[in-house]
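Undergrad: have a look at this fold, sequence not included:
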């Protein structure tokens, strides 16, 4: 007898439920992409330093008018729940205690890419656009570059504007401030 097992994609709600019930080891770094649970790469020291710099920079620059989230889940689509390295979110007095943030809460997503650049550009970026995230940064650690994506084309659900910045450059944000790449990369 030949038995075939068929797996169906998980929803973000099912994935959250599994995590809350403790079905994953506490030290596992997981995210849900298109209904599939994927293991995330470990965080290295350069990656961690950039996330820490970004967190401090935006908190000092923008203060308490926004909420900030580092390496936490985002319910992006019904079947997709990534863990961006950093997000600026609409202010929530409860810090999203009662529900994870969704795409409508996000003002900026930052992915720090040392070993994940291809996945961030070809898998995550299109899903951020599809969900309506206004601005995405992908920081290429190996090339010391910041890639900025903004303004979604409604017909194609892709980012209309793509800019590449390097040390010494200044990044104009859709939030109305300018960020020096050196302040992000160190």
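TA: Right, received. Where do you want to start? Note that the structure is predicted; figures quoted are calculated from it, not measured. Residues are numbered from 1 along each chain as shown.
Undergrad: contacting residues for residue 67?
TA: 88-92, 95-96, 101 (C-beta atoms under 8 Å, 6 or more residues apart in numbering). Using the backbone N, CA and C atoms, a C-beta is placed for each residue, glycine as well.
Undergrad: now, of those residues, which are buried?
TA: Buried residues within those, counting neighbours by 16 or more other C-beta atoms under 10 Å: 88-89, 96, 101.
Undergrad: need those residues in TSV (columns: secondary structure and distance to residue 123).
TA: Shown next, in TSV, are the buried ones among the contacts of residue 67 (DSSP: H, G, I helix; E, B strand; the rest coil; distance: C-beta to C-beta, whole Å):
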residue	secondary structure	distance to residue 123
88	strand	22
89	strand	22
96	coil	24
101	coil	20
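Undergrad: so for those, which is the shakiest by pLDDT?
TA: Across the buried ones among the contacts of residue 67, the bottom pLDDT score, 93, is held by residue 96.
Undergrad: pull the most distant pair out of the buried ones among the contacts of residue 67.
TA: 88 and 96 (12.9 Å; C-beta to C-beta).
Undergrad: how much space between the residue nearest to the spatial centre of the chain and residue 101?
TA: Taking C-alpha atoms, centre = their mean as the criterion, residue 84 is the residue nearest the geometric centre of the chain, at 2.5 Å. Distance, residue 84 to residue 101, using C-beta to C-beta, to the nearest Å: 10 Å.
Undergrad: for residue 48, same thing?
TA: 22 Å.
Undergrad: same check on residue 95?
TA: 10 Å.
Undergrad: quick one, helices of the chain?
TA: 12-20, 45-62, 117-119, 125-131, 181-185 (DSSP state H).
Undergrad: residue 108: which of these is closest?
TA: helix 45-62 (8.2 Å).
Undergrad: need the residues that contact that closest one.
TA: Under C-beta under 8 Å, 6+ apart, the answer for helix 45-62 is 43, 66, 68, 70-71, 85-86, 88, 110, 112, 114, 139, 141, 175, 177, 179, 183-186.
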